[in-house]
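> model this:
(one chain, ligands or ions: 1)
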Amino acid sequence: MTRQLVGTSWKMNFTSTEAREYFRRLVPLVADITEATGRDLFVLPPFTSLWVAREELAGSRVAWGAQDVHENLAGAHTGDVSAPMLVDLGCRFVEVGHPERRRAYGDRDGRVAAKAATALSCGLEVIVSVGESRRLQERDARAVVLRHLGAVLGGVDAIVLDRVVVAYEPWWAIGAGATHAPFEHISAMQLAVRGWLLARGASSPRVIYGGSVESGATAALLRQPGVDGVFVGRAGLDPAEFARIAHAGLAHAGLD
Ligand code: PGA
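Coordinates of the predicted model:
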């Protein structure tokens, strides 16, 4: 059975001092989520706090990673961060293709594909964000999502696909004022992604949902066919709320 994955990206929030406080609150709150729980946790802080993550999370069940990466391994790229730098800081994950990066930096599928390929070649697990930018009918949304997948992951070997996590993140369901997409829509997209990955030889596809996830809806979200986990933005900025999300739907949780 696929292990569930519950993660959060802080986006551009928290200084390294605040990051340390966050981790010190979070780690004891999720210490009961063990290997046997079948659920893995991760946090994507800003680059500037990855070293704090390594100090505070090493030995815990919470993995860490980065929110973006450059497609080149090194060179004259002012302000950018490379995959080897992330590996050196103990990152397990890196996200590529988040809608906020696509919008603000013009990252298109070709560049997202190059970032994913480089990160995979360095041994990282890559969270590839896909999703339609405005509300569309299921059929049209599916076409957009499958187009992203083909462009970003079409050249990736089957064996390497098992180090890919696809995050279905419809742009219109992300951020302040939004609410999560309807369950049937989410499920249809997640299953389409799952089918795509299986057809290309992935043996344990992981497809998570992101977009206004909060603790109240998580247990139900995780029961939807095709949903292998959740990816949390705003709600994850509070470690107690992230811990509630991490426990949602677990038999022993008593928290949701
Ligand atoms: P949100 O962000 O939870 O704040 O909507 C989610 C995301 O960016 O995927």
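
> Tell me which stretches of the stretch 101-250 of the chain form helices.
In the stretch 101-250 of the chain, the helices defined using DSSP state H, counting those that start in this stretch lie at 109-121, 138-153, 158-161, 183-199, 215-223, 239-247.

> Identify whichever of those lies nearest to the ligand.
Closest approach to the ligand among the helices of the stretch 101-250 of the chain (CB to the nearest ligand atom): helix 239-247, 10.1 Å. Just so you know, the C-beta spots here come from the backbone N, C-alpha and C atoms, and that holds for glycine as well.

> about what we covered before: can you convert the helices of the stretch 101-250 of the chain into a markdown table and add a column each for mean pLDDT, distance to the ligand and mean neighbour count?
Output for those, formatted as a markdown table (pLDDT from 0 to 100; distance: least, CB to the nearest ligand atom, whole Å; neighbours: other CB atoms under 10 Å):
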| stretch | mean pLDDT | distance to the ligand | mean neighbour count |
| --- | --- | --- | --- |
| helix 109-121 | 97 | 15 | 20 |
| helix 138-153 | 97 | 14 | 18 |
| helix 158-161 | 94 | 21 | 15 |
| helix 183-199 | 98 | 12 | 19 |
| helix 215-223 | 97 | 11 | 18 |
| helix 239-247 | 98 | 10 | 22 |
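
> could the ones you listed go into JSON lines alongside distance to G175?
As requested, these are exported to JSON lines (distance: least, CB to CB, whole Å):
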{"stretch": "helix 109-121", "distance to G175": "20"}
{"stretch": "helix 138-153", "distance to G175": "18"}
{"stretch": "helix 158-161", "distance to G175": "29"}
{"stretch": "helix 183-199", "distance to G175": "17"}
{"stretch": "helix 215-223", "distance to G175": "16"}
{"stretch": "helix 239-247", "distance to G175": "16"}
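
> closest to T37 out of those?
Nearest to T37, of all the helices of the stretch 101-250 of the chain, is helix 239-247, at 9.3 Å by CB to CB.

> and the residue of the stretch 101-250 of the chain found nearest the ligand, what does it touch?
The ligand sits closest to G233 of the stretch 101-250 of the chain, with a gap of 2.2 Å, by CB to the nearest ligand atom. By CB atoms under 8 Å, 6 or more residues apart in numbering, the contact list for G233 reads T8, S9, K11, I174, G175, G210, S212, V213.

> Could you measure from it over to A178?
The gap separating G233 from A178 is 10 Å, by CB to CB, to the nearest Å.

> and the closest residue to A53 other than its chain neighbours, how many neighbours?
Nearest non-adjacent residue to A53, counting by CB to CB, 6 or more residues apart in numbering: W64, 3.8 Å away. By other CB atoms under 10 Å, 26 other residues sit near W64.
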